[in-house]
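Novice: Structure for this input, please:
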Amino acid sequence: MASLLLFIIFLMLSLLHFYWSLGGLWGFENSLPTKETGKRVLNPTKFDSAIVGIGLAAFASFYLFSSDLINNYLPTWLTNYGGWIIPSVFIIRAIGDFKYVGFLKKVRQTNFGKKDTLFYSPLCMGIGLIGIIIKLI
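Specialist: Coordinates of the predicted model:
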């Protein structure tokens, strides 16, 4: 059940990134960290959004295969390592870079900073913790 939850989360995030890669704007501005002056820290291209979308789709597929809803054709080494690497990446993201993203960021009063504190970092920590629980059970 937890694998299915992560599949759905990653699928939705993947679709959002593909939407941005096709020129969609909804949610885009508030998803990028900015300096106190409002200048973006990152300036991703449509191609960058597509690459992230592909990665998130791969994570969604990983957890779909882990859910036992379909036959697992993943190699054992991939399920062993991927099951630890994916959650670790998201826990590290939740902790942050100590400046613009994560729970330990210093720049908190920007639009992104507020949304990161309320939504993005908790989502990343939740993904990481659920992934670790899946590996431990």
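
Novice: which residues does Ile91 contact?
Specialist: Applying C-beta atoms under 8 Å, 6 or more residues apart in numbering to Ile91 gives the contacts 124-125, 128-129, 132. The way it works is simple: take the backbone N, C-alpha and C, and place the C-beta from them, glycine included.

Novice: before we move on, what about Val89?
Specialist: Taking C-beta under 8 Å, 6+ apart, we find Val89 in contact with Gly128.

Novice: Look up how far Ser67 lies from it.
Specialist: As for Val89, its distance to Ser67 is 20 Å (criterion: C-beta to C-beta, to the nearest Å).

Novice: I'd like the distance between the nearest residue to Pro33 once chain neighbours are set aside and Thr110.
Specialist: Excluding the flanking residues, the one nearest Pro33 by C-beta to C-beta, 6 or more residues apart in numbering is Tyr100, at 3.8 Å. Using C-beta to C-beta, we find Tyr100 at a distance of 8 Å from Thr110.

Novice: what about Ser66, how many residues close to it?
Specialist: Ser66 is flanked by 21 other residues according to other C-beta atoms under 10 Å.

Novice: What pLDDT does the model give it?
Specialist: Turning to Ser66, the model gives it a pLDDT of 88.

Novice: mind listing what it touches?
Specialist: Neighbour list for Ser66: 3, 72, 74, 79, 83, 134 [criterion: C-beta under 8 Å, 6+ apart].

Novice: Might one say that the first one is in contact with Ser67?
Specialist: Right, the one you point to is Ser3. Yes - counting by C-beta atoms under 8 Å, Ser3 touches Ser67, with 3.8 Å between them.

Novice: what are the ranges of the helices in the protein?
Specialist: For the chain, applying DSSP state H gives helices covering 2-21, 46-66, 76-95, 111-115, 121-136.

Novice: Adding distance to Pro33, write these out as JSON lines.
Specialist: Formatted as JSON lines, these follow (distance: least, C-beta to C-beta, whole Å):
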{"stretch": "helix 2-21", "distance to Pro33": "16"}
{"stretch": "helix 46-66", "distance to Pro33": "14"}
{"stretch": "helix 76-95", "distance to Pro33": "12"}
{"stretch": "helix 111-115", "distance to Pro33": "5"}
{"stretch": "helix 121-136", "distance to Pro33": "12"}
